[in-house]
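J.: structure for the following, please:
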Amino acid sequence: MGLRARIIAWGMVLGIWSATASVAGADEVRILRSDGAEVVGALTSFEDGVYVVQTPAGEIRIEAGKVAKLEMLDVSKTLGAEAGRPDATAGDPPPMRSQSDLSGGTLSLSGSRALGEMAVRHLIEGYALRNGASKPVWGQRDGGKDRTFVAQTGKDKVFSAEVRLRGTAGGVEDLISGAAEIAMLERPMTADEAKRVAGAGLGDPLQPDQETVVGPSAVMVLVHPSNPVKRLSMVQLADVFAGRIRNWNEIGGANRRIQVLVPHPGSALFDAVKSGLGKDLDIMPSARRLGSSLETADLAGADPAAIGLAHSDYRGNATALSLSSSCGLLHEPSEFEIASEAYPFGSRLVLYATNKASKQVKDFVAYARSSEAQRLLQEKGFVSLTPVLAAKGAVRFDRTSAAKMTGASSRFADVVGAFVENAARLSLTFRFNGQSGALDARALSDLDRLVAYEKSGALANRTLALVGYWNSTGDFTDDVNQSKARAVVVADALKLKGLNIERLFGFGPLLPVECDGLGGVNRNRRVEVWIE
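T.: Numbering: from 1, shown residues only. Below you'll find the model as predicted:
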């Protein structure tokens with residue numbers, strides 16, 4: 001994350017933005033300190049939570065905690081590409097014609113702080129600008145708990161949005177009470193939450209017209225770049241956070257006491273790790289609890305002794321560790337692993353509307369699903385839903401080990417091995433709702449993305465293939481048949497959209513993404529897209 005982006009994000013976290021502050025940084029700033037003093041000058045750096053400002057009187061350093069208000073000056077510099085507006089000098093195509101009337105329109109969203117301050121902020125700006133709005137400005141209210149957005153849509157007319165940063169659970173409550181039209185969650189809504197929404201007469205939030213997956217996400221384990229430890233097992237990770245491993249030299253690092261950084265219990269980030277480890281996540285009493293992934297990334301990137309948990313979009317200068325599971329799976333913290341939802345502690349950034357959604361809400365969530373919005377998020381450094389092609393041979397497959405663990409014949413393992421070596425995998429992974437055979441919300445959107453990918457000419461005379469997988473039930477033949485049936489489900493859905501795929505395979509329990517048990521059953525029941 002660059003200097004300006006870090007400054008903006010920290011300003012949002014601390015709630016110190018002026019209502020006139022722009023969304024993206026100029027070099028000149030005006031800072032009002034908590035003691036009443038005002039500092040104006042050129043912002044030269046922002047490291048370890050300290051603003052360094054060059055003034056006519058010399059260099060002044062101000063801790064973020066002592067800043068009452070921060071305002072970026074020269075707003076005219078901030079309304080270009082970094083704010084989400086196409087930059088005419090960058091060679092981009094002209095803005096798309098307005099698709100929705102924004103005059104006097106409003107949006108209200110509530111939920112995840114991480115989602116609301118980063119991805120959703122870009123989506124709101126992108127939505128406003130692509131529909132003809134101009135001069136976007138962000139502010140804050142209610143002591144920094146809410147963010148406000150205003151953009152000009154015509155003479156004396158504006159489009160506005162309010163983003164309430166109440167946490168994932170708070171977003172659900174605000175959706176039910178009517179305090180927000182859209183809930184922002186760092187994970188899919190639970191069955192109990194969905195039942196409460198439906199019970200309030202607001203429809204089934206798990207249906208495709210009410211659930212919008214903005215993008216994939218995962219919790220990264222971050223350390224300082226100089227740390228020689230580049231990989232941990234799940235057991236080691238649990239032991240580090242519980243304090244059973246206290247020095248880096250116990251796991252191949254320097255002789256340095258480990259400084260543990262953790263999110264607050266009950267946060268979506270904490271729950272994702274707890275679920276992924278498959279047991280209660282014990283936290284040592286001396287662990288430092290932090291309120292945001294941004295703060296964790298900055299501290300882990302500055303402290304050689306630190307280890308912390310942060311969302312994949314907040315790595316900063318820190319390094320993310322590879323993780324290995326008890327059944328021998330190794331996961332690299334790559335964009336492809338996150339996009340394909342293979343990385344442990346994976347989740348989704350999701351927006352939920354109700355069956356009473358206004359036209360403005362429907363237009364906004366339709367934009368959030370669009371390829372245009374996904375390109376915008378990708379440009380801003382997020383892992384998007386845009387298909388990514390892995391290099392041929394990038395997927396590793398041990399034929400001997402696979403046959404031994406699953407009961408597959410050596411001949412079957414050889415066939416799978418030859419396919420994996422000679423084909424390349426696309427990041428689109430079709431998943432299903434629980435134990436049912438119905439495609440989930442992301443999968444339904446991914447159908448259209450795959451059709452668009454094929455029509456784009458990206459295949460270059462190559463062939464698409466669908467490969468189904470299943471968890472290991474003990475009967476290998478049945479597992480293969482079940483996995484092939486899932487591939488047929490996806491093929492039939494694609495055929496209805498005009499894309500006919502004849503190459504269908506069922507690999508059963510081979511190439512799992514998670515050890516069987518806990519979440520492994522549903523995560524392993526999937527259909528992948530390969531290109532031969």
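
J.: any idea of the pLDDT on the most centrally placed residue in the chain?
T.: Geometric centre of the chain, nearest residue: residue 217, 3.0 Å, by Cα atoms, centre = their mean. Per-residue pLDDT puts residue 217 at 86.

J.: just list whatever residues bridge to it.
T.: Note on residue 217: beta-bridge partners by DSSP bridges are residue 347.

J.: ok, now how distant is it from residue 313?
T.: Going from residue 217 to residue 313 by Cβ to Cβ, to the nearest Å gives 7 Å. C-beta coordinates here come from the backbone N, C-alpha and C atoms, glycine included.

J.: mutual contacts of these two, please.
T.: Common contacts of residue 217 and residue 313 (Cβ atoms under 8 Å, 6 or more residues apart in numbering): residue 383.

J.: hmm, residue 325 and residue 234 touching each other?
T.: Yes. Residue 234 is within contact range of residue 325, at 5.6 Å (criterion: Cβ atoms under 8 Å).

J.: what do those two both touch?
T.: Joint contacts of residue 234 and residue 325 (Cβ under 8 Å, 6+ apart) are residue 344.

J.: and the helices in the stretch 151-300 of the chain?
T.: Secondary structure of the stretch 151-300 of the chain by DSSP state H, counting those that start in this stretch: the helices cover 167-177, 191-199, 234-242, 268-277, 293-302.

J.: how about residue 433, nearest residue that isn't a chain neighbour?
T.: Spatially, and ignoring its direct neighbours in sequence, residue 433 is nearest to residue 440 (5.0 Å; Cβ to Cβ, 6 or more residues apart in numbering).

J.: and the pLDDT at that neighbour?
T.: Residue 440 carries a pLDDT value of 91.

J.: out of the helices of the stretch 151-300 of the chain, which comes closest to residue 258?
T.: helix 234-242 (6.1 Å; Cβ to Cβ).

J.: for that closest one, packing partners?
T.: strand 259-263, helix 268-277, strand 322-324 (3 or more Cβ pairs under 8 Å, 6 or more residues apart in numbering; DSSP states H and E).

J.: need the ones you listed in TSV (columns: mean pLDDT and distance to residue 156).
T.: TSV is the format used below for the helices and strands packed on helix 234-242 (pLDDT from 0 to 100; distance: least, Cβ to Cβ, whole Å):
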stretch	mean pLDDT	distance to residue 156
strand 259-263	88	44
helix 268-277	70	41
strand 322-324	92	55
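
J.: residue 497 is nearest to which of those?
T.: Once the helices and strands packed on helix 234-242 are compared by Cβ to Cβ, helix 268-277 is nearest, at 32.2 Å.

J.: which stretches of the stretch 51-200 of the chain form strands?
T.: 58-63, 67-72, 106-111, 134-141, 146-154, 157-164, 182-185 (DSSP state E, counting those that start in this stretch).

J.: what's the most buried one of the ones you listed?
T.: Neighbour counts (mean count of other Cβ atoms under 10 Å) averaged over each of the strands of the stretch 51-200 of the chain peak at strand 182-185, with a mean of 28.

J.: check contacts around residue 208.
T.: Residue 208 sits next to 441, 444 when contact means Cβ under 8 Å, 6+ apart.

J.: restrict stretch 214-230 to CA atoms and write it as PDB.
T.: C-alpha atoms of stretch 214-230 as PDB (Å, rounded to 0.1, in the frame of the first residue of the first chain):
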ATOM      1  CA  VAL A 214     -18.100  -8.500  -4.200                       C
ATOM      2  CA  GLY A 215     -14.900 -10.500  -4.200                       C
ATOM      3  CA  PRO A 216     -12.900 -13.300  -2.600                       C
ATOM      4  CA  SER A 217     -11.000 -12.600   0.600                       C
ATOM      5  CA  ALA A 218      -8.700 -14.500   3.000                       C
ATOM      6  CA  VAL A 219      -7.000 -14.000   6.300                       C
ATOM      7  CA  MET A 220      -3.200 -13.700   5.800                       C
ATOM      8  CA  VAL A 221      -0.600 -14.600   8.500                       C
ATOM      9  CA  LEU A 222       1.800 -11.600   8.300                       C
ATOM     10  CA  VAL A 223       5.400 -11.200   9.500                       C
ATOM     11  CA  HIS A 224       8.200  -8.800   8.900                       C
ATOM     12  CA  PRO A 225      10.000  -9.200   5.400                       C
ATOM     13  CA  SER A 226      13.300 -10.000   7.100                       C
ATOM     14  CA  ASN A 227      11.900 -13.000   9.100                       C
ATOM     15  CA  PRO A 228      13.500 -16.200   7.800                       C
ATOM     16  CA  VAL A 229      10.300 -18.100   8.600                       C
ATOM     17  CA  LYS A 230       8.300 -18.300   5.400                       C
END
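
J.: hmm, back to that, would you check how far apart the residue nearest to the centre of the chain and residue 184 are?
T.: To residue 184, residue 217 is 12 Å away according to Cβ to Cβ.

J.: residue 103 now?
T.: Going from residue 103 to residue 184 by Cβ to Cβ gives 25 Å.

J.: again, but for residue 164
T.: Distance from residue 164 to residue 184, by Cβ to Cβ: 9 Å.

J.: pull out the buried positions in stretch 400-414.
T.: For stretch 400-414, the buried set under the neighbour-count rule, 16 or more other Cβ atoms under 10 Å, comprises 402-403, 406-408, 412-413.

J.: so which of the residues you listed comes closest to residue 352?
T.: residue 406 (37.9 Å).

J.: got a list of what residue 358 touches?
T.: So residue 358 contacts residue 181 (Cβ under 8 Å, 6+ apart).

J.: pretty sure residue 245 sits against residue 236.
T.: Yes. At 6.6 Å, residue 245 counts as touching residue 236 under the criterion of Cβ under 8 Å.

J.: what sits in contact with each of those two?
T.: With Cβ under 8 Å, 6+ apart, residue 245 and residue 236 have common neighbours residue 251.

J.: give me the pLDDT for residue 525.
T.: Note on residue 525: pLDDT of 92.

J.: and it, how many neighbours does it have?
T.: A count of neighbours around residue 525, defined by other Cβ atoms under 10 Å, yields 21.

J.: any idea how far it is from residue 489?
T.: Going from residue 525 to residue 489 by Cβ to Cβ gives 11 Å.

J.: one more: residue 377?
T.: Going from residue 377 to residue 489 by Cβ to Cβ gives 28 Å.

J.: which one's more surrounded, these two?
T.: For residue 377 versus residue 489, the count of surrounding residues by other Cβ under 10 Å is larger for residue 377: 23 against 18.
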